[in-house]
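Visitor: When you get a sec, could you give me coordinates for this:
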Amino acid sequence: MSTAAHDISSKTMTPDFAAGIKYFAPERPEYAKHGQAAAIAEGQEGISEISDAAVYQTLLGADALRYLTLQVCSSKESGHPGGFASSADAYAALVMLGHTNIVTEVGHHAPGFYSAMMLDGSLEEMGIRTVEDMMARFRERDGLLGHLSGAIPGLLSPAGPLGQGQHFAMAGAYLHPDKLFPFTLGDGGMGEPYVLSSMMHFHTAYPRATNFLPVLIWNGYSQEHHSMVSIKTNDEMTAYWKGHGFDNVVLVDAKDFDDAGQSGAYVDSTAFSFSGRLKFTATVLRQMQHAADSALNGQLTVFIIKQLKGAGVHTVGAKSHNLYPGDSLEKPGIAEGLKKRALSEHAWQLVRENFSRAGGGPAAKTVVTEFELELPELGVLPKQEFVVGDKAVPSTAMGALVGEVGKRDRRFVVTNADGNEASGMKNINEALTIRHPTADTLYNQGPDGQVYEPLSEDACAGFAAGLALFGSRALWLSYESFVINGMPIIQTATQAMAELRRKTPSIVMMFTAGALEQGRNGWTHQRPEIENYMAAMMRNGNFYSLFPCDANMIQVAYEWATNTFNNGVAIVASKSALPVYTTLEQAQQAIEHGAVTLYQSASGDRGTIVFAVTGDMVLLPVFEARDELERQGYSVRIVCVANPRRLYRPSDIAWDTASQSDGQFMSDVEFDRLFEADMLIGVTGGATGSLEPVMLRSRAPWRDVLGWKRGETTASPQEIMTFNGLTSSEIVARVNKLAGA
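Guide: From the prediction side, this is the model:
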């Protein structure tokens, strides 16, 4: 039978969704025998058995995915077809088995995942009903952007930086123990830090949550060269995974089925004879079922498919990774690749029926992230009101509330790499218990705890972000100095939350041991520059950096953050006993409105100085400077800038583009009441970006900022403040210099 492809213009009876497909082909061999009815019957979620028809139609599904991936990318002469092409057989097998809660850590697989959502009908939710629509909106604003985001119906999580996908899959497994969460992992991305070690730690902490399934796409190449694991043998790769705690390593090597005489360890299964392709597909389907059953029944399992990158598209190896200008639908190599994968009109309809039935319906209507997870009611949290003028430890005050949240919401998880006790938050461990296989009351640890402590900020941030994105409450605690190691996934997930079509709890973080407290540990523990990273994120519109000034305000800040949705909220505070400046009522005002006055002196002959301050410990030299400046005849107002996101002008940030938009900003009248002065001095113990909104709006004729410069080993907070010019004498000198100018 001829399989020569023909142009769409010469055919009729094209399925509606297939409008835009450039090439169709005659039916494949044995189509009359195995292609007359969909292998996933109506009303079923997956195939009932691995029959010859199921294998045949899995192969059709894989080729349909390859075809769409290549045509959509080449329609824009841009995008990444090669990596997903080598995963298409594994992806099609998962779908045919009814497992559609599929995650990826490979952003470059996006066009393949979009193709799957096209085939099952999910993209209709965003008005993409045909392949023609899909091409028009691929890599376009309000369309199918180049890497997965939070906006695409049916796709569970974003994918951008490598090494993140396992966190979302593990969060799904924790929250939904009856479902399988496969995630595709490229052998290029496997070299990212913590991917396997994070899964190993999770399995140690949650040994029953084995229902996530890494699917390693071992194709020999990364983005522009051979992958670093390309030289491993099958036995070495198996040992590598077993060495990270995996009970079952299921490896399917296309080389074992090669009947085309291909050289090298990595081969293209689409170059086999048709009967050879069916044998390979049958093995993938059977072994995937074995892997899925194993994962769902208590064994930590990985499925590995080993075949050449670019299998079945326009070229192979790293050269298949990316398309460039000129790689159009008319380019001979592209056209030839499409023709080889072309299906008949009836085969396209058959694939659509299977994909749209898998998992109980289109992914946009069935996967877990398309629904809001029911949350236990928290009610009013029992805050303790500390007396103004007394001293209290902010982090400890917050810890009491965290424990209460965990008691009221048993799914709630606290993550921390460096230990809660080291941050003055031992009360969290006492209330919720560190999750550990060894029970020991001395260390507040046990196998059913709610405090997750992998020694990796990436794993801490990743699990917390994954839980929040998937609809559950979580809290990431860290030393501020180590936050950067986990921040990329927080940024990824927070951006996705801005696009979600549903409400989900905000990603809440609290960063203790600010630079000023860590003198004896030296500059390795003094890295408040992360505050500038977060200040930049505030312009996204759904990220908040909170700087409570005392133990009362941090309680209000945490309760506020916990009751918000679709945001990223970072709380920065100390673990030292510090003065209490506000009542709970004043603290509420500060968090809700952005700032509150902590001190106002009587009028002075030399004018008014306003200090706009972010932080808590840094208020000590500010209040000392106040005394001297009042003696010099100034009127001094000290303002705590607690929620700087509220102080921006509405036009400064993208708040109106966020799905759960927050358009509350401080009015000009209220801003002037707080900050109008003859001289405005911004003071922060960290990076100065957090004071940007104050400086943008202030009309004070004289303005200046004092902030963190660089870390150093010192014997006390006072000494590190001296090193950074954050002493009362430096503040007074800066005022006098401005006054003299």
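Visitor: And Glu385, what's its pLDDT?
Guide: Per-residue confidence (pLDDT) for Glu385: 98.
Visitor: Show me the domain layout of the chain.
Guide: Taking automatic domain parsing as the reference, the chain has its domains at 6-367, 391-740.
Visitor: Centre of the chain to the longest one, how far?
Guide: Which is domain 6-367. With CA atoms, centre = their mean, to the nearest Å as the basis, domain 6-367 stands 21 Å off its chain's centre.
Visitor: Save the domains of the chain as a markdown table, and put in mean neighbour count too.
Guide: Heads up, the C-betas are built off the backbone N, CA and C, glycines and all. Converted to a markdown table, those look like this (neighbours: other CB atoms under 10 Å):
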| stretch | mean neighbour count |
| --- | --- |
| domain 6-367 | 21 |
| domain 391-740 | 21 |
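Visitor: For Leu375, find the nearest of those domains.
Guide: Checking these against Leu375 by CB to CB gives domain 391-740 as the closest, at 6.9 Å.
Visitor: Need the distance between the two termini of that closest one.
Guide: End-to-end distance of domain 391-740 (CA to CA, to the nearest Å): 37 Å.
Visitor: That domain - what's its average pLDDT?
Guide: Domain 391-740 comes out at a mean pLDDT of 95.
Visitor: same deal with stretch 296-316?
Guide: pLDDT averaged over stretch 296-316 gives 97.
Visitor: Dump that stretch to CSV, keeping only the CA atoms.
Guide: Output in CSV follows, covering the C-alpha atoms of stretch 296-316 (Å, rounded to 0.1, in the frame of the first residue of the first chain):
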residue,chain,number,x,y,z
LEU,A,296,0.6,3.3,42.3
ASN,A,297,1.3,0.3,44.5
GLY,A,298,4.1,1.5,46.7
GLN,A,299,7.3,1.1,44.7
LEU,A,300,9.4,4.1,43.8
THR,A,301,9.6,3.7,40.1
VAL,A,302,11.2,5.4,37.1
PHE,A,303,10.4,4.8,33.4
ILE,A,304,13.3,5.4,31.0
ILE,A,305,12.8,5.5,27.3
LYS,A,306,16.1,5.5,25.4
GLN,A,307,15.9,6.7,21.8
LEU,A,308,17.6,9.3,19.6
LYS,A,309,16.7,12.9,20.1
GLY,A,310,14.5,14.2,17.2
ALA,A,311,13.1,10.7,16.5
GLY,A,312,10.4,11.2,13.8
VAL,A,313,10.8,14.9,13.0
HIS,A,314,13.0,16.8,10.5
THR,A,315,16.4,15.8,11.8
VAL,A,316,18.0,14.1,14.8
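Visitor: can you list the domains of the chain in JSON lines and add distance to Leu378?
Guide: Shown next, in JSON lines, are the domains of the chain (distance: least, CB to CB, whole Å):
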{"stretch": "domain 6-367", "distance to Leu378": "18"}
{"stretch": "domain 391-740", "distance to Leu378": "5"}
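Visitor: and of those, who's closest to Pro376?
Guide: Closest among the domains of the chain, once you apply CB to CB, is domain 391-740, at 4.6 Å.
Visitor: ok so, going back, out of the domains of the chain, the one nearest Leu381 is which?
Guide: domain 391-740 (5.1 Å).
Visitor: How far does the closest one sit from its chain's centre?
Guide: 22 Å.
Visitor: How about the contacts made by Tyr648?
Guide: 538-539, 665, 693, 696 (CB atoms under 8 Å, 6 or more residues apart in numbering).
Visitor: So it versus Asn101, what's the distance?
Guide: 38 Å (CB to CB, to the nearest Å).
Visitor: for the residue nearest the centre of the chain, what are its contacts?
Guide: In the chain, the residue lying closest to the centroid (CA atoms, centre = their mean) is Ala493, at 3.1 Å. Shown in contact with Ala493 (CB under 8 Å, 6+ apart): 157-158, 465-466, 468-469, 507, 568.
Visitor: related to what we said a few turns ago, would JSON lines of the contacts of Tyr648 with secondary structure be doable?
Guide: Formatted as JSON lines, these follow (DSSP: H, G, I helix; E, B strand; the rest coil):
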{"residue": "Met538", "secondary structure": "helix"}
{"residue": "Arg539", "secondary structure": "coil"}
{"residue": "Phe665", "secondary structure": "coil"}
{"residue": "Pro693", "secondary structure": "helix"}
{"residue": "Leu696", "secondary structure": "helix"}
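Visitor: Pull the most distant pair out of these.
Guide: Longest span within those, CB to CB: Arg539 and Phe665, 13.0 Å.
Visitor: Helices along the stretch 1-150 of the chain, start to end?
Guide: Secondary structure of the stretch 1-150 of the chain by DSSP state H, counting those that start in this stretch: the helices cover 31-34, 52-75, 82-85, 88-96, 110-120, 131-137.
Visitor: looking at the ones you listed, which is closest to Asn643?
Guide: By CB to CB (comparing all of these), the closest turns out to be helix 110-120, at 35.2 Å.
Visitor: which secondary structure element contains Val508?
Guide: strand 507-512 (DSSP states H and E).
Visitor: Neighbouring strands of that strand in the sheet, and parallel or not?
Guide: When pairing is defined by DSSP bridges, strand 507-512 lines up against strand 474-479 (parallel), strand 568-572 (parallel).
Visitor: In the stretch 101-250 of the chain, where is pLDDT below threshold?
Guide: 192-193 (pLDDT under 70).
Visitor: Take stretch 551-559, keep the C-alpha atoms, and write them as CSV.
Guide: Extracted C-alpha coordinates of stretch 551-559, given in CSV (Å, rounded to 0.1, in the frame of the first residue of the first chain):
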residue,chain,number,x,y,z
ALA,A,551,6.4,40.8,67.0
ASN,A,552,2.9,42.1,66.7
MET,A,553,3.2,43.1,63.1
ILE,A,554,4.7,39.8,62.0
GLN,A,555,1.6,38.0,63.3
VAL,A,556,-0.7,40.2,61.3
ALA,A,557,1.6,39.8,58.3
TYR,A,558,1.5,36.0,58.4
GLU,A,559,-2.3,35.9,58.9
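Visitor: that older thread, go ahead and name everything in contact with the strand holding Val508.
Guide: Defining contact as CB under 8 Å, 6+ apart, one finds that strand 507-512 is touched by 395, 398, 423-425, 461, 464-465, 468-469, 473-480, 483, 490, 493-494, 497, 530, 558, 561-562, 567-575.
Visitor: please redo it, this time with the cut-off set to 7 Å
Guide: 395, 398, 423-424, 464-465, 468, 475-480, 483, 490, 493-494, 561-562, 568-575 (CB atoms under 7 Å, 6 or more residues apart in numbering).
Visitor: do stretch 706-726 as well
Guide: Contact with stretch 706-726 is made by 515-517, 519-520, 522-523, 526-528, 617-618, 621, 681, 683-688, 727, 731, 734, as judged by CB under 7 Å, 6+ apart.
Visitor: rerun that using 6 Å as the cut-off
Guide: 516, 519, 522-523, 526, 528, 621, 683-684, 686-688, 727 (CB atoms under 6 Å, 6 or more residues apart in numbering).
Visitor: Can you pull the phi/psi pair for the nearest residue to Gly685 once chain neighbours are set aside?
Guide: Once flanking residues are discounted, Gly685 sits nearest to Val618: 3.6 Å by CB to CB, 6 or more residues apart in numbering. Backbone torsions of Val618, given as degrees, to the nearest 10, read phi -70, psi -10.
Visitor: how about the strands in the stretch 351-500 of the chain?
Guide: All strands of the stretch 351-500 of the chain, identified by DSSP state E, counting those that start in this stretch, fall at 391-392, 413-416, 434-435, 445-446, 451-452, 474-479.
Visitor: any chance of the contacts of Ala493 in a markdown table, with distance to Tyr23 too?
Guide: Formatted as a markdown table, the contacts of Ala493 follow (distance: CB to CB, whole Å):
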| residue | distance to Tyr23 |
| --- | --- |
| Ser157 | 33 |
| Pro158 | 32 |
| Ala465 | 42 |
| Gly466 | 40 |
| Ala468 | 44 |
| Leu469 | 38 |
| Ile507 | 45 |
| Gly568 | 45 |
